[in-house]
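Asks: mind folding the following:
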Amino acid sequence: MKSMPVPDYQTLMLPVLKLFASGKERVSDCIDDLKLEFDISDEDAAELLPSGRMTRLYSRAHWARTYLGKAGLLTSPKRGYHRITKAGR
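Replies: Modelled structure (predicted):
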């Protein structure tokens, strides 16, 4: 069975929100769970953006987190750490 390619950030938004609701605090803490949920192979998960500085999966999970924050569903008490808000629950 073929694994899925990395989903777009919109598809990752609800799973990322649920992971923060379960106690995750950083986007990097969510990556392994997202790989399992979407059956993303290690090879696809390791694919770098053209800049070569971060993976496509991390980038899209981070964008999902960014838009969840803009919607008031996550807050960032300090840089790189996030917490679900009352509205997010």
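
Asks: for stretch 70-89, which outside residues touch it?
Replies: 17, 20-21, 25-27, 65, 68-69 (C-beta atoms under 8 Å, 6 or more residues apart in numbering). Every residue, glycine included, has its C-beta placed from N, CA and C.

Asks: same thing but at 6 Å, please
Replies: Outside stretch 70-89, the residues that touch it by C-beta atoms under 6 Å, 6 or more residues apart in numbering are 17, 20-21, 25-26, 68.

Asks: again, but for stretch 13-24
Replies: For stretch 13-24, using C-beta under 6 Å, 6+ apart, the contacting residues are 30, 33, 37, 61, 64-65, 68, 73-74, 82, 84, 88.

Asks: those, buried ones only, as a ChimeraX selection?
Replies: Here is the ChimeraX command that selects the buried residues among those (16 or more other C-beta atoms under 10 Å):
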select :30,33,61,64,65,68,73,74,82,84,88
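
Asks: tell me the one of the contacts of stretch 13-24 nearest Gln10?
Replies: Among the contacts of stretch 13-24, Ala64 lies closest to Gln10 (C-beta to C-beta), at 7.6 Å.

Asks: chain center to whichever strand or helix holds the closest one: distance?
Replies: Per DSSP states H and E: Ala64 is located in helix 56-70. Helix 56-70 has its C-alpha centroid displaced from the chain centroid by 5 Å (C-alpha atoms, centre = their mean, to the nearest Å).
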